[in-house]
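Asks: Could you work out the structure for the sequence below:
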Amino acid sequence: MQRPRPLSRFIDVLHTSLLGRMRAEDPARQWVLRMDRMLSESSGDVGGNESSQALPACRHLDTALANAAMGPPDIAVLAGAFRALVPELNWRHRTALEQPDSPSFRDSHANTQVIGPSGLERRSDMVMGASLLAPHTVYPDHHHPPPEIYVVLSEGNWFQQGLGWHTPGTGGLVVHQPGVTHAMRSGVAPLLAIWCLWPELSSSIQYSRGQ
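Replies: Numbers count the residues shown, from 1 in each chain. Next up is the predicted model:
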């Protein structure tokens, strides 16, 4: 099934932004190229999300996207491509974190899949989505088997086991090894980030800390 044009554009823009922000020798570059091959060779079950919904934290999405639009040119384009998908997205609360939920945290964060088991394009070999935090929110320590790359669309702080907290800034990339503990937190502005996970590479890929 052919992808809708807004989804195809988002994939293309994200791919261009990722590669444009990586060095040629960056190990994570191979995963982005692999993602491009996977998405070019086949598409999953593509269609609108019948259960699309927003959560309380989504009231901050317009502000986050407006802030991203004032960032580097490629990030502004990526924010615009993501905005075009917003009406179809199904936002959900986090799952499988070590810390229990609290009512205030549930109202202060939202996650969505663009591609993945519950995404606009349903497939299991990779997952692409976004995370949104209201101002002054900590997304607690968590870890997962697949490697992960974030494209940061806002200001905020990021934690990685062995590295501590750092501030990549709008347009920064954050890369996590399989199983490494990580977290993020927003400041006075909402935090928005696009992320990619490769479930099929959970045990077969390693990369250097700090990339």
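Asks: what's near enough to touch Ala193?
Replies: Contact analysis of Ala193 by C-beta atoms under 8 Å, 6 or more residues apart in numbering lists Ala130, Ser131, Tyr150, Val151, Val152, Leu153, Ser154, Gly156, Val174, Met184. In this view, the C-beta of every residue, glycine as well, is placed from N, C-alpha and C.
Asks: Can you tell me which of the residues you listed is closest to Pro56?
Replies: Lowest distance from Pro56 to the contacts of Ala193 (C-beta to C-beta) belongs to Ser131, with 14.8 Å.
Asks: where do the strands sit along this structure?
Replies: Shown for the chain, the strands assigned by DSSP state E span residues 45-46, 91-92, 109-115, 121-122, 127-133, 138-142, 148-152, 157-160, 164-166, 173-176, 182-185, 191-197.
Asks: Looking at those strands, which is nearest to Pro73?
Replies: Comparison of the strands of the chain against Pro73 by C-beta to C-beta identifies strand 148-152 as nearest, at 13.8 Å.
Asks: In stretch 129-143, which residues are buried?
Replies: Neighbour counts over stretch 129-143 (16 or more other C-beta atoms under 10 Å) mark Gly129, Ala130, Ser131, Leu132, Leu133, Ala134, Thr137, Val138, Tyr139, Pro140, His143 as buried.
Asks: Need the residues that contact stretch 56-69.
Replies: Under C-beta under 8 Å, 6+ apart, the answer for stretch 56-69 is 54, 75-76, 78-80, 82-83, 86, 91, 106-110, 132-135, 153-155, 170, 189-192.
Asks: now these: which count as buried?
Replies: 75-76, 78-79, 82-83, 86, 91, 108-110, 132-134, 153-155, 170, 189-192.
Asks: got TSV for the strands of the chain, with distance to Glu25 and mean pLDDT too?
Replies: Listed next are those as TSV, based on distance: least, C-beta to C-beta, whole Å; pLDDT from 0 to 100:
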stretch	distance to Glu25	mean pLDDT
strand 45-46	35	84
strand 91-92	36	92
strand 109-115	27	94
strand 121-122	31	94
strand 127-133	24	96
strand 138-142	29	85
strand 148-152	16	94
strand 157-160	21	92
strand 164-166	21	91
strand 173-176	14	90
strand 182-185	23	91
strand 191-197	20	95
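Asks: By mean pLDDT, flag the weakest helix or strand of the protein.
Replies: Ranked by mean pLDDT, DSSP states H and E, the weakest helix or strand in the chain is helix 103-106, scoring a mean of 80.
Asks: For the strands of the chain, give me a markdown table that also has distance to Leu61.
Replies: Below are these laid out as a markdown table (distance: least, C-beta to C-beta, whole Å):
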| stretch | distance to Leu61 |
| --- | --- |
| strand 45-46 | 23 |
| strand 91-92 | 9 |
| strand 109-115 | 8 |
| strand 121-122 | 21 |
| strand 127-133 | 6 |
| strand 138-142 | 16 |
| strand 148-152 | 15 |
| strand 157-160 | 20 |
| strand 164-166 | 25 |
| strand 173-176 | 20 |
| strand 182-185 | 16 |
| strand 191-197 | 7 |
